[in-house]
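Visitor: Build me a model:
(one chain, ligands or ions: 1)
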Amino acid sequence: MAYENILFEVQDGIALLTFNRPKALNALNPQTLEEVRDAVERVRQDDALRVLVFTGAGDKAFVAGADISELQKMNPLEARLFAERGQEIVFSLEALPKPVIACVNGFALGGGCELAMSCDFIYASERAQFGQPEINLGIIPGFGGTQRLARLIGRAKAKEICMTGERISAQEAKALGLVAKVFPAETLLEETLKAARNLAEKSRVALRAIKQAVDRGMDVDLKTGCAFEAEAFGVCFAGQDAREGTTAFLEKRKPHFTGT
Ligand code: CAA
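Guide: Numbers count the residues shown, from 1 in each chain. Model prediction:
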């Protein structure tokens, strides 16, 4: 499909998806969600694409949330379907068997914060700001924000952020464990792509196993989570990459992973 609201670029096995409605601070309308859904499916199907990176066009916003002009017209059923559509997309990022990085270059609010939280980790610029300001619109987060924020930073802080609608800085988000690293705005994208290229050289099998073990483990008790881990650990040994990685270490050379 042709994209109007996102840019989709591919380089060195990295897919870079840029939300591209800078005049609306990259707000998510239904068309944008459809384009993101299509692009994520392309990444899923294309073996040559190893890592997906999300960022926002312009120097102000990653994504300033769902498009409020669309929300303003919705009836309860439409709103529910819109939330379900957004949730389908954020779940599809967690289900993608490849690393997904959010490169948050500015406002990540509402649906933007929710999308970033469903990525495997977040790199943010010093100028980035995070928040769930839906309360100020008389509504609540709809793309999983009440659930993922509480799981990521604890329920009291998550409730404070959702109830007050106050924004937090990149540094505060890092201190809370929401953001993995903070970079100057000028180097954020370069640093994120460097990390993505680094991941693209690692074992696909092991990356997928880490993602699945961590994500599945978050929803279950420790013993069940560790059982997932042992199973995933075993799966790594079914392919060539485990042999290559361990042999390369012993032979004091760089491993060459083939993803088999
Ligand atoms: N939807 C639609 N348009 C938006 C938007 C949004 N979420 N956020 C910003 N815009 C538009 C503004 O209306 C404005 O358009 P015009 O130039 O045509 O007037 C343009 O983007 C620039 O925005 P501002 O002039 O407001 O820029 P600012 O620098 O003064 O403020 C801001 C920036 C603090 C991010 C402010 O724009 C803002 O508060 N935006 C709304 C954030 C928000 O409430 N997000 C949650 C949406 S609901 C949601 O996401 C539900 C869910 O869980 C899925």
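
Visitor: how about the nearest residue to residue 183, chain neighbours excluded?
Guide: Once flanking residues are discounted, residue 183 sits nearest to residue 191: 4.8 Å by CB to CB, 6 or more residues apart in numbering. (C-beta placed from N, C-alpha, C; glycine too.)

Visitor: residue contacts, the one you found?
Guide: 123, 181, 183 (CB atoms under 8 Å, 6 or more residues apart in numbering).

Visitor: Quick one: classify it as helix, strand or coil.
Guide: Here residue 191 is recorded as helix under DSSP: H, G, I helix; E, B strand; the rest coil.

Visitor: what's the answer for residue 62, then?
Guide: strand.

Visitor: re earlier: nearest to the ligand, of the contacts of residue 191?
Guide: The ligand lies nearest to residue 123 out of those, by CB to the nearest ligand atom, at 20.0 Å.

Visitor: which stretches of the stretch 151-260 of the chain form helices?
Guide: 155-164, 170-175, 188-200, 204-218, 222-236, 240-250 (DSSP state H, counting those that start in this stretch).

Visitor: Can you tell me, leaving aside adjacent residues, what's nearest to residue 58?
Guide: Residue 58's closest residue in space is residue 22 (CB to CB, 6+ apart), at 3.4 Å.

Visitor: Could you do residue 29 as well?
Guide: In this structure, residue 29 finds its nearest non-sequential neighbour in residue 67, 4.0 Å apart by CB to CB, 6+ apart.

Visitor: Now for that neighbour, how many residues are close by?
Guide: 22 (other CB atoms under 10 Å).

Visitor: Same question for residue 184.
Guide: Using other CB under 10 Å, residue 184 has 10 other residues around it.
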